[in-house]
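Engineer: Turn this into a structure:
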Amino acid sequence: MGTKKCQVFSKNDEGSLMTWISISDKWNNQKIINYVQKLTADLEMNIMWIKIDGKYLIDNRIKKGNSP
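Structural biologist: Numbering: from 1, shown residues only. I've put the predicted structure just below:
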């Protein structure tokens, strides 16, 4: 089983965080989202977007189409 990286941008009252998270290449989108949400919840971060293979799985930015 291989791995790949997904890019995550999240923020809270203290600031923002962009990070790469290693995930299984066998996971479907919902499993990836659930995994990332658990990791960011532990840090009390709100997910702004998750991007993998050039596509957005979640995009919660206020202004669509603009990079944070």
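Engineer: what about this structure, any weak spots by pLDDT?
Structural biologist: 62-68 (pLDDT under 70).
Engineer: ranges for the strands of it?
Structural biologist: Counting by DSSP state E, the chain has strands at residues 3-12, 15-24, 46-52, 55-59.
Engineer: Just give the nearest non-adjacent residue to Ser10, would you?
Structural biologist: Met45 (3.8 Å; CB to CB, 6 or more residues apart in numbering). Glycine gets a C-beta too; all of them are placed from N, C-alpha and C.
Engineer: and among the strands of the chain, the most buried is which?
Structural biologist: strand 46-52 (a mean of 18; mean count of other CB atoms under 10 Å).
Engineer: got a list of what the spatially closest residue to Met18 that is not a sequence neighbour touches?
Structural biologist: Of all residues not flanking Met18 in the chain, Phe9 sits nearest, at 4.8 Å (CB to CB, 6+ apart). Applying CB atoms under 8 Å, 6 or more residues apart in numbering, we find Phe9 in contact with Ser16, Leu17, Met18, Ile47, Met48, Trp49, Pro68.
Engineer: which one of the residues you listed is nearest Trp27?
Structural biologist: Proximity of the contacts of Phe9 to Trp27 was ranked by CB to CB; the top entry is Ile47 with 16.5 Å.
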